[in-house]
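In: Output the structure for:
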Amino acid sequence: MKVAILTTGGTIEKTYDERDGSLRNFHTILPRMLSTLRLPDLEVSYEQVVFKDSLEMTAGDRARVLEATRRALLTADAVLILTDHDCVDYATVGRHAQLIIDTRNAMRAVQEGREKIRRA
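Out: Predicted structure coming up:
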């Protein structure tokens, strides 16, 4: 199975700074986490599209996320939605994904491709 992981920074990649008690995008640990997987039938590709909180994203950042999503849909066997962001074109996901595992009900308004959606 082919899985494409797209990250934009955000909550999953924030690091806690013990000195001032803040959370911020400092560095990612995702490649290290992925290297520990022992799933021989899983082919994982990883792309860090941007590295910032979604509240700091520009129109250019959102365009990069959209283009990366479109590229990933061409090769991935499934889409796993872990966050519900306004910069993702969920209608495109519904049209082109083979399987959608939606943990956030992000696909709630999408009509095309509903048969491919699994809630988790």
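In: Quickly note the distance from residue 100 to residue 52.
Out: Distance of residue 100 to residue 52, computed by C-beta to C-beta, to the nearest Å: 26 Å. Quick note: C-beta positions are derived from backbone N, CA and C, even for glycine.
In: Same drill for these two, tell me which one is more crowded.
Out: residue 100 (22 against 15; other C-beta atoms under 10 Å).
In: Phi, psi for that one please.
Out: Dihedral angles of residue 100 (phi, psi; degrees, to the nearest 10) stand at phi -130, psi 120.
In: what do you get for residue 22?
Out: Backbone phi and psi, for residue 22 under degrees, to the nearest 10, turn out to be phi -100, psi 160.
In: Around it, count how many other residues there are.
Out: With other C-beta under 10 Å as criterion, residue 22 counts 11.
In: Starting from residue 9, give me the distance back to it.
Out: The separation that residue 22 has from residue 9, given C-beta to C-beta, amounts to 14 Å.
In: likewise residue 47?
Out: On the measure of C-beta to C-beta, residue 47 and residue 9 end up 12 Å apart.
In: Neighbour count for the two, which is higher?
Out: Each of residue 47 and residue 9 has its neighbours counted (other C-beta under 10 Å); residue 9 has more, 21 against 13.
In: isn't that one right next to residue 61, touching?
Out: No. Between residue 9 and residue 61 no contact is recorded; they are 9.7 Å apart, counting by C-beta atoms under 8 Å.
In: where do the contact lists of those two overlap?
Out: Counting by C-beta atoms under 8 Å, 6 or more residues apart in numbering, the residues touching both residue 9 and residue 61 are 50, 52.
In: in this protein, which spans are helices?
Out: Ranges of helices within the chain are 30-35, 59-75, 90-96, based on DSSP state H.
In: average pLDDT across the longest one?
Out: Per-residue pLDDT values across helix 59-75 average out to 91.
In: coming back round to it: which of the helices of the chain is buried the deepest?
Out: Burial of these is given as mean neighbour count (mean count of other C-beta atoms under 10 Å); helix 90-96 ranks first at a mean of 18.
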